[in-house]
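Trainee: Prediction below, plus the sequence it came from.
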Amino acid sequence: MASEAGSNPSPVDFIKPFKDAGVTTIVWKTPRIPDSHSEEFTKRLEAKGFKVQTLIIPEPPQGYPVPPVYPELALTILNPSAADTILKTASDLLQEVYHERKNVTVKVDVVLDRRFISGEANGVPLEVGETIRIIPKIEKLSPSNLIIMVADHKQPEPPPAKFCSKCGAANPVQSAYCYKCGEKH
Ligand SMILES: [Zn+2]
């Protein structure tokens, strides 16, 4: 099963030993932020009888940029028959533990026999929780080998509320002078 020298490693090469060891799901920990929530998630899954492995999300190679966002919750589900329960547990956790956050990012990969479903959702915890719960349903809709779902629930920024009477430029509400022409509001 080892990759031959010079060939590109496949994600399956990495996952197979965990799958063979009977691991149900891998929970990825953010490398830069102390993260007690993923430990809580792991505990909840183990209490339901799942075998969970926690791994740290690999840092980018030296000289490559760090990703702008590390997901608050990232998991790889190796046993697809457990996906419904695991995603429901994750959804409940988001609503209980992350409820004060304005924005969370969750990344889920489900490894099926011959394909992956990869989902990423971003936004308020409630909506993200609802979105990830439908991932197993998407699997049944499409026969594609790789399904990627991205859901962005970010609220649009409120527009600037003050327009200059002289030049019409849009200015922030709290500004005393127009940024464009200098007119006093
Ligand atoms: Zn102006």
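Mentor: Perfect, thanks for sending it. Numbers count the residues shown, from 1 in each chain.
Trainee: From here on, just use CA atoms for contacts and neighbour counts.
Mentor: Noted.
Trainee: all strands of the chain, in order?
Mentor: Using DSSP state E, the strands of the chain run over 25-29, 52-56, 73-77, 104-111, 116-123, 146-152, 162-163, 170-171.
Trainee: For these, give me a markdown table that also has mean pLDDT and mean neighbour count.
Mentor: Output for those, formatted as a markdown table (pLDDT from 0 to 100; neighbours: other C-alpha atoms under 10 Å):
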| stretch | mean pLDDT | mean neighbour count |
| --- | --- | --- |
| strand 25-29 | 94 | 23 |
| strand 52-56 | 94 | 15 |
| strand 73-77 | 94 | 22 |
| strand 104-111 | 92 | 22 |
| strand 116-123 | 88 | 20 |
| strand 146-152 | 72 | 15 |
| strand 162-163 | 85 | 16 |
| strand 170-171 | 85 | 18 |
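Trainee: could you dump those strands to CSV with distance to residue 37?
Mentor: Listed next are the strands of the chain as CSV, based on distance: least, C-alpha to C-alpha, whole Å:
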stretch, distance to residue 37
strand 25-29, 9
strand 52-56, 12
strand 73-77, 8
strand 104-111, 12
strand 116-123, 17
strand 146-152, 22
strand 162-163, 41
strand 170-171, 40
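Trainee: Please convert these to CSV, extending it with distance to the ion.
Mentor: As requested, the strands of the chain are exported to CSV (distance: least, C-alpha to the ion, whole Å):
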stretch, distance to the ion
strand 25-29, 49
strand 52-56, 51
strand 73-77, 45
strand 104-111, 38
strand 116-123, 35
strand 146-152, 35
strand 162-163, 8
strand 170-171, 8
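Trainee: Could you list the contact residues of this protein toward the ion?
Mentor: 164, 167, 178, 181 (C-alpha under 5 Å from the ion).
Trainee: residues contacting the first one?
Mentor: Read that as residue 164. Contacts for residue 164 (C-alpha atoms under 8 Å, 6 or more residues apart in numbering) come out as 170, 171, 178, 183, 185.
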